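Undergrad: give me a model of this one.
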Amino acid sequence: MGWLAPRFGVARLYVLGSVFVGISTVVFGLLDYISQPVPFLAWSLINSSLDPTMESYMHKTLGIEPAELSLFFLAAFVGYTLSSPFWIRLSDKIDNTFLLLAACLAPTALGVLLISPSPILGLHPSRLLLGVGMTLREVFQVGAYLPAVPLMLRISTNRGIESNLCSQAMVSSVYGTTFSIGTVVGPLGGGLVIDVWGYPFLATCLGGFTIVLCVAMTARGIVYHVTRRTTTSV
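TA: Residues are numbered from 1 along each chain as shown. The predicted structure follows:
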């Protein structure tokens, strides 16, 4: 690394490493043990597509400079941090984690749609909508993030994986890999979409996809509830 870094750059090495991590994980088949891995993979693209491409759009539409935009990110991350203990305690008390994810994904989708805002809302861009959208997204997406690893571990155990430290490490590596893939693919894909259709279109697509994930988690949660209730009654 000491020889490569000055020649290729640290950033390029990081991206290259993320690509290798993602490819190797998929190649060795770890995702085969995770029930419905696509939602987790797809969700990792949402933030990585929106955030890196936000500055240019906000500067053109609202005249927001990078320093001012960083204050919006700071305020949103404060909400993220302060809400984390609440979501941790709530996820420990709720057995049907699918419905918790669905409940968090719905306001997250609304936040994504408000940031630009989406043309389907019929609203004009403003600093208020930007702040509300970013805060909604950050506060509620952490509610979806935190229970995801325990949920993936529980599903994997139900599919035949032993519940031990190695299984936890494997599931955590899959979870980390999804974000590595999102970090690499998200900005590239988001930039291509923005070049052709614009930032509001990208936000609309990602908000819509988050709604689809919300519906999928709701359906899965209902199935889980009915199955568990039937098993308990028997």
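
Undergrad: secondary structure element holding S163?
TA: Under DSSP states H and E, no helix or strand contains S163.

Undergrad: do you know the pLDDT at it?
TA: Per-residue pLDDT puts S163 at 72.

Undergrad: just give the closest residue to it, not the sequence neighbours.
TA: T157 (4.8 Å; C-beta to C-beta, 6 or more residues apart in numbering). Placement of C-beta: from N, CA and C, glycine included.

Undergrad: flag every buried residue along stretch 165-183.
TA: Counting neighbours by 16 or more other C-beta atoms under 10 Å, one finds that the buried residues in stretch 165-183 are 168, 170-171, 174-183.

Undergrad: what of stretch 214-231?
TA: C214, A216, M217, T218, R220, G221.

Undergrad: what comes up buried for the helix or strand containing the residue nearest to S163?
TA: Counting by DSSP H and E, the element that carries T157 is helix 148-158. Within helix 148-158, the residues scored as buried using 16+ other C-beta under 10 Å are A148, V149, L151, M152, L153, I155, S156, T157.

Undergrad: pLDDT below threshold where in this protein?
TA: 1-48, 232-234 (pLDDT under 70).

Undergrad: could you rerun that using 80?
TA: Residue ranges of the chain with pLDDT under 80: 1-53, 145-191, 228-234.

Undergrad: quick one: the helices in this protein?
TA: 5-8, 10-27, 38-50, 54-62, 66-93, 97-115, 127-145, 148-158, 165-197, 199-233 (DSSP state H).

Undergrad: which of these sits most buried?
TA: Most buried of the helices of the chain, by mean neighbour count (mean count of other C-beta atoms under 10 Å): helix 97-115, with a mean of 23.

Undergrad: please tell me how far P52 sits from S173.
TA: Applying C-beta to C-beta, to the nearest Å, the value for P52 to S173 is 24 Å.

Undergrad: cool, G186 as well?
TA: For G186, the distance to S173 (C-beta to C-beta) stands at 19 Å.

Undergrad: likewise for R154?
TA: R154 is 17 Å from S173, where distance means C-beta to C-beta.

Undergrad: save the buried residues of helix 148-158 as a markdown table, and put in distance to V226 too.
TA: As requested, the buried residues of helix 148-158 are exported to a markdown table (distance: C-beta to C-beta, whole Å):
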| residue | distance to V226 |
| --- | --- |
| A148 | 22 |
| V149 | 25 |
| L151 | 18 |
| M152 | 21 |
| L153 | 23 |
| I155 | 17 |
| S156 | 22 |
| T157 | 21 |
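
Undergrad: for R137, state which of those is nearest.
TA: Distance to R137, by C-beta to C-beta, is smallest for A148 among the buried residues of helix 148-158, at 16.0 Å.

Undergrad: circling back: export the buried residues of stretch 214-231 to TSV and append columns for distance to H124.
TA: As requested, these are exported to TSV (distance: C-beta to C-beta, whole Å):
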residue	distance to H124
C214	26
A216	32
M217	32
T218	32
R220	37
G221	36
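
Undergrad: show me which of these is closest to N96.
TA: Nearest member of the buried residues of stretch 214-231 to N96, counting by C-beta to C-beta, is G221, at 5.3 Å.
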